[in-house]
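Visitor: I would like to see how this sequence folds:
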Amino acid sequence: MGSPMTEITEVVAAVLLRGDAAASEFLLAQRPPGKVYAGYWEFPGGKVDPGETLHQALVRELQEELGITVNDVWPWVCCEFTYPHATVRLRFYRIHAWQGAIAAIEHSAFAWLKAGAAACVEPILPANGPILQALALPPVYALSNAEENGVEAELLRIERALAGGLRLLQLRDKTLAPARRAEFARAVMALARRYERYERYERYERYEEGCAPRVCVLINDDQELARSVGARGLHLSSQQLWQLDCRPDFARVAASCHSAADLARAAQLGLDFVVLGPLLPTLSHPGAAGLGWAEFSRLVERSPLPVYALGGLQPEMLETACRAGAHGVALMRGWR
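Guide: Predicted coordinates:
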């Protein structure tokens with residue numbers, strides 16, 4: 001991160017995406033000879049000129065570098081990185097549609113890579129490395145609700161969702177009796193392993209060395225339970241977020257956030273992603289108005305971590321959430 005006395009160069013970067021959420025690909029471009037970090041691979045983009053808005057700069061850079069025109073862009077994550085020659089603030093935007101054929105006008109080459117797979121090009125520009133991990137996250141983060149639905153019914157719901165493509169699940173249900181919650185967690189992990197083995201068999205080509213887990217279960221607030229059932233992930237409450245001095249040792253660690261301070265703390269601990277809410281009125285928070293989309297956008301504008309919108313949402317609100325700067329939506333009652 002740049003110090004308060006360091007001049008920061010504003011940069012925009014485009015994550016061009018093609019394909020559906022289950023098999024999406026993103027574009028990287030190779031820096032040409034004569035430039036700093038020549039030969040390194042990066043997301044296309046560049047510096048914001050004086051007097052330009054971020055959107056104007058992104059449109060201009062993509063016309064100059066790739067020969068394409070974009071109009072519809074989704075704000076995503078924002079990272080600061082200090083190189084030997086400069087400190088940059090990189091604002092990444094996700095783009096799903098453009099006009100024109102992509103050409104390597106100002107780059108040596110470009111390549112389409114599978115989201116979640118090991119990068120087959122190298123070296124990657126240092127500031128872009130964490131973005132590759134974030135791209136492996138699916139658009140929907142499901143939260144279990146066995147407390148309301150009953151354990152057996154919730155296991156059936158989870159099995160249907162895994163069969164339908166769900167790949168990121170939080171086992172919440174903190175008010176279940178400890179033994180019952182542990183039994184539920186073991187059953188969920190058995191389902192996750194079954195569907196991961198099935199997809200590994202059906203789509204073996206996606207399992208190159210370094211691929212992200214195809215099914216990831218995060219246990220809410222209980223590291224001991226997570227380790228005992230073999231879960232890859234841990235989800236921290238906003239209270240626990242402030243009680244820890246370092247990131248817990250799990251493949252995926254997320255947290256619940258409700259404020260700018262929470263978001264900054266999650267980034268400081270080096271977590272993988274967060275949920276922010278409640279966004280809209282919910283059954284879990286009766287009488288609370290929620291953040292609303294405008295405040296959500298303001299809070300996530302400079303988040304270096306992918307943020308899932310949480311609270312009162314339905315699957316059909318995914319695009320609305322992404323246009324507001326979210327990575328996706330977190331759902332407790334709205335997923336199937």
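Visitor: show me where the stretch 201-336 of the chain has helices.
Guide: Applying DSSP state H, counting those that start in this stretch to the stretch 201-336 of the chain gives helices spanning 223-229, 238-241, 260-268, 293-300, 318-323.
Visitor: the third one vs helix 293-300, what angle?
Guide: Relative orientation of helix 260-268 versus helix 293-300 (axes from the mean of the first three to the mean of the last three C-alpha atoms, to 10 degrees): 40 degrees.
Visitor: tell me the helix or strand right after the strand ranked longest in the chain.
Guide: Criterion DSSP state E: the longest strand present in the chain is strand 8-18. Using DSSP states H and E, the helix or strand that follows strand 8-18 towards the C-terminus is strand 25-30.
Visitor: parallel or antiparallel, which strands does that next one pair with?
Guide: Partners of strand 25-30 in the sheet, by DSSP bridges, are strand 8-18 (antiparallel), strand 41-42 (antiparallel), strand 109-114 (antiparallel).
Visitor: what does the last one contact?
Guide: In this structure, residues lying in contact with strand 109-114 by C-beta atoms under 8 Å, 6 or more residues apart in numbering are 18, 23-30, 41, 44, 66, 102, 104, 119-121, 206. Every residue, glycine included, has its C-beta placed from N, CA and C.
Visitor: tell me the contacts of residue 47?
Guide: Applying C-beta under 8 Å, 6+ apart, we find residue 47 in contact with 9-11, 57.
Visitor: one step back: may I have the longest strand of the chain as CSV, with CA atoms only?
Guide: Output of strand 8-18 as CSV, limited to C-alpha atoms (Å, rounded to 0.1, in the frame of the first residue of the first chain):
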residue,chain,number,x,y,z
ILE,A,8,-0.7,7.6,-6.4
THR,A,9,-1.2,7.0,-10.1
GLU,A,10,-4.8,6.2,-11.0
VAL,A,11,-5.1,3.2,-13.3
VAL,A,12,-8.1,1.4,-14.8
ALA,A,13,-8.0,-2.3,-15.8
ALA,A,14,-10.4,-4.4,-17.7
VAL,A,15,-11.4,-8.0,-17.0
LEU,A,16,-12.9,-9.1,-20.3
LEU,A,17,-15.0,-12.2,-19.7
ARG,A,18,-16.6,-14.7,-22.1
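Visitor: and the helix or strand of the chain with the lowest mean pLDDT, what does it pack onto?
Guide: Ranked by mean pLDDT, DSSP states H and E, the helix or strand of the chain with the weakest confidence is helix 178-202, at a mean of 84. If contacts are counted by 3 or more C-beta pairs under 8 Å, 6 or more residues apart in numbering; DSSP states H and E, helix 178-202 sits against helix 151-163, strand 168-171, strand 216-220, helix 223-229.
Visitor: can you tell me what sits against the shortest one?
Guide: Strand 168-171 is contacted by residues 137-138, 140-144, 158, 161, 184-185, 188, 192, 215-220, 231, 233, 235, 254, 330 when judged by C-beta under 8 Å, 6+ apart.
Visitor: and residue 129, how many neighbours?
Guide: Other residues near residue 129 come to 12 when the count uses other C-beta atoms under 10 Å.
Visitor: about what we covered before: got the buried residues for the least confident helix or strand of the chain?
Guide: Going by neighbour count (16 or more other C-beta atoms under 10 Å), the buried part of helix 178-202 is 181-182, 184-185, 187-189, 191-192, 195-196, 199.
Visitor: quick revisit: any idea how far the longest strand of the chain is from the chain center?
Guide: 15 Å (C-alpha atoms, centre = their mean, to the nearest Å).
Visitor: buried ones in it, by neighbour count?
Guide: Using 16+ other C-beta under 10 Å as the test for burial, strand 8-18 gives 11-17.
Visitor: low-confidence stretches in the stretch 51-200 of the chain?
Guide: 118-119, 197-200 (pLDDT under 70).
Visitor: including mean neighbour count, could the helices of the stretch 201-336 of the chain go into a markdown table?
Guide: Output for the helices of the stretch 201-336 of the chain, formatted as a markdown table (neighbours: other C-beta atoms under 10 Å):
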| stretch | mean neighbour count |
| --- | --- |
| helix 223-229 | 16 |
| helix 238-241 | 16 |
| helix 260-268 | 17 |
| helix 293-300 | 17 |
| helix 318-323 | 17 |
